[in-house]
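Chemist: Coordinates for the following, if possible.
(one chain, ligands or ions: 1)
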Amino acid sequence: MSDNFISFIPRNPNFIPTRDSGEEAAKAFRAARPFLDEVESNVEPHIVLHDCGGNFEDIRCPHCNAVIEIETWREWMDADSTEQDGFRLAPVTMPCCFKTANLNELRYSWPMGFSRFAVRARNAGSEVPPDLVDRLEKILGCELRVIYQHI
Ligand SMILES: [Zn+2]
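Modeler: Just a heads-up that it's a prediction; the model follows:
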């Protein structure tokens with residue numbers, strides 16, 4: 001038995017909406033997808049990764065689109081984070097073109113991202129249309145990245 005999760009995270013990893021708007025966003029998503037199993041808005045004490053699970057394909061450089069080796073990415077992840085403080089998202093030098101980017105700026109397929117805040121729903125159906133993302137962005141007061149996680 002596998003589950004699919006849809007997470008909405010702020011494009012700015014440090015952004016935290018008000019508690020009320022977080023709950024309102026979760027409610028609005030439930031209203032649009034009444035069949036979902038559960039939905040909650042959550043704030044972590046520090047920045048965490050929201051991964052795409054089994055939907056993962058590859059990671060690319062945001063400047064030149066070269067594929068980043070998973071081993072390299074794992075090293076960056078280890079160096080950037082501690083269990084106590086989470087991720088710092090410090091810039092790293094791309095091995096392909098020597099430009100810099102932080103972990104949240106890499107091109108993940110499928111999308112992944114880093115944040116403290118997330119609205120996360122279990123078994124909420126297929127791709128979220130742009131107008132629904134717009135509505136949640138207005139409620140939360142921030143731009144969102146949508147992450148589809150298969151586990
Ligand atoms: Zn590059």
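
Chemist: what domains does the record give for this protein?
Modeler: 1-56+117-151, 59-109 (automatic domain parsing).

Chemist: Just the pLDDT at the residue nearest the centre of the chain, thanks.
Modeler: The centre of the chain sits closest to G113, judged by Cα atoms, centre = their mean, with a distance of 3.2 Å. As predicted, G113 sits at a pLDDT of 98.

Chemist: Contacts only, for it.
Modeler: By Cβ atoms under 8 Å, 6 or more residues apart in numbering, the contact list for G113 reads I9, R11, P13, L49, H50, N104, R145, I147. (Glycine included, C-beta is placed from N, CA and C.)

Chemist: Also P13?
Modeler: Counting by Cβ under 8 Å, 6+ apart, P13 has contacts I47, F87, L89, N104, G113, F114, S115, R116.

Chemist: Likewise for P111?
Modeler: C52, R145, V146, I147, Y148.

Chemist: Please convert those residues to CSV, extending it with distance to the ion, neighbour count and pLDDT.
Modeler: What follows is these, written out as CSV (distance: Cβ to the ion, whole Å; neighbours: other Cβ atoms under 10 Å; pLDDT from 0 to 100):
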residue, distance to the ion, neighbour count, pLDDT
C52, 21, 20, 97
R145, 21, 20, 98
V146, 25, 17, 98
I147, 23, 24, 98
Y148, 25, 18, 98
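
Chemist: Alpha carbons of the longest strand anywhere in the chain, as CSV, please.
Modeler: The longest strand of the chain (DSSP state E) is strand 38-50. Presented in CSV, the C-alpha positions along strand 38-50 are these (Å, rounded to 0.1, in the frame of the first residue of the first chain):
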residue,chain,number,x,y,z
GLU,A,38,-6.0,14.2,5.6
VAL,A,39,-4.5,17.7,5.3
GLU,A,40,-2.6,19.8,7.8
SER,A,41,-0.6,23.0,8.0
ASN,A,42,2.6,22.6,9.9
VAL,A,43,5.6,24.7,11.0
GLU,A,44,8.9,23.1,11.7
PRO,A,45,11.4,24.5,14.2
HIS,A,46,14.0,24.8,11.3
ILE,A,47,14.2,24.4,7.6
VAL,A,48,13.6,20.8,6.4
LEU,A,49,13.6,19.1,3.0
HIS,A,50,10.3,18.2,1.3
